[in-house]
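Trainee: With the sequence up front, the predicted model follows.
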Amino acid sequence: MGKVIPIFLGLAAGSNAVATLGEEQISEASESNPLFKAPLIVGASVSANFGTDSPGKRLARELGHSNDVLTIARGGTPGKEVLKQISDRELDGRSLVIAVDLLFWDSSLSNCEASIASLDRFLSQLSERKIPIVLGNIPALLPDRQPCRLKLNRHIHDVVKKDPTRVLLDLESLHEDVMKKGYLTIRGQRHPIWDLIPDGLHLSRLASDFLSEQILQGITRAGLFSYRS
């Protein structure tokens, strides 16, 4: 049997409906839509593969493009600082940006404006080059230590709505749902929060796999990626 990638067909926390991609479909999808041929992964520790490979890296590998991944990420670092490392040279030839946790540490700052301005400049650079982005919002993982979280999330939602090549990875709603229910259902099995973020901040392999599925679902729904059913 060929390799398969499960794709969740509803909001992650509540759905058990799964589709699968076989090797032939993966090859066909990758060739007809080169979205993952040269992805840029940018962000903090999750994007930097702390503890396990990032969702973006896992997805690129499954789609046969692991050698073409560029990662620019620094654990514990606000996105406004990470983005300073990205020049035109790093963006040249990139097919997709995956920014799961780009602004997570910015949410802990007392002033949000520089982070918002930095994100807006980056998004403008991407728009000029017609590079799509998957942008994660910010879950409440640090109670009383994220004064900018709500403002940054509002801005993330606003900028995603402005451009169909921007896809939201709604980590905030996912985290809220898990905390409310006490578990996340993955392939019919209930997993408590500690199965997903064992140290309270960083993803387990299970959670990273799951978010890679959510990314694929999001870009497919946005019409940026397609596969033969």
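Mentor: Okay, I see it.

Trainee: Which stretches in the protein count as helices?
Mentor: Using DSSP state H, the helices found in the chain span residues 23-32, 55-62, 79-82, 88-91, 113-129, 149-161, 171-181, 193-196, 205-221.

Trainee: Looking at these, spot the one closest to A44.
Mentor: With Cβ to Cβ as the criterion, A44 lies closest to helix 79-82 of the helices of the chain, at 7.3 Å. Where you see a C-beta, it was placed from the backbone N, CA and C, and this is true even at glycine.

Trainee: can you list contacts of the closest one?
Mentor: Residues from elsewhere that reach helix 79-82, judged by Cβ atoms under 8 Å, 6 or more residues apart in numbering: 42-44, 72-74, 99, 102-106, 114-115, 117-119.

Trainee: just to revisit the earlier point, out of the helices of the chain, deepest packed?
Mentor: Of the helices of the chain, the one with the most neighbours on average (mean count of other Cβ atoms under 10 Å) is helix 55-62, at a mean of 24.

Trainee: Could you measure from the residue nearest to the spatial centre of the chain over to L142?
Mentor: Centroid-nearest residue in the chain: V100, 3.4 Å away (criterion: Cα atoms, centre = their mean). Relative to L142, V100 is positioned 17 Å away (criterion: Cβ to Cβ, to the nearest Å).

Trainee: related to what we said a few turns ago, I'd like to know which of the contacts of helix 79-82 are part of strands.
Mentor: 42-43, 72-73, 99 (DSSP state E).

Trainee: how far away is the residue nearest to the centre of the chain from I193?
Mentor: For V100, the distance to I193 - Cβ to Cβ - is 18 Å.

Trainee: before we move on, back to that, could I get the helices of the chain as JSON lines with distance to D68 and mean pLDDT?
Mentor: Shown next, in JSON lines, are those (distance: least, Cβ to Cβ, whole Å; pLDDT from 0 to 100):
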{"stretch": "helix 23-32", "distance to D68": "11", "mean pLDDT": "51"}
{"stretch": "helix 55-62", "distance to D68": "7", "mean pLDDT": "92"}
{"stretch": "helix 79-82", "distance to D68": "20", "mean pLDDT": "98"}
{"stretch": "helix 88-91", "distance to D68": "13", "mean pLDDT": "94"}
{"stretch": "helix 113-129", "distance to D68": "16", "mean pLDDT": "98"}
{"stretch": "helix 149-161", "distance to D68": "25", "mean pLDDT": "98"}
{"stretch": "helix 171-181", "distance to D68": "25", "mean pLDDT": "96"}
{"stretch": "helix 193-196", "distance to D68": "28", "mean pLDDT": "96"}
{"stretch": "helix 205-221", "distance to D68": "16", "mean pLDDT": "95"}
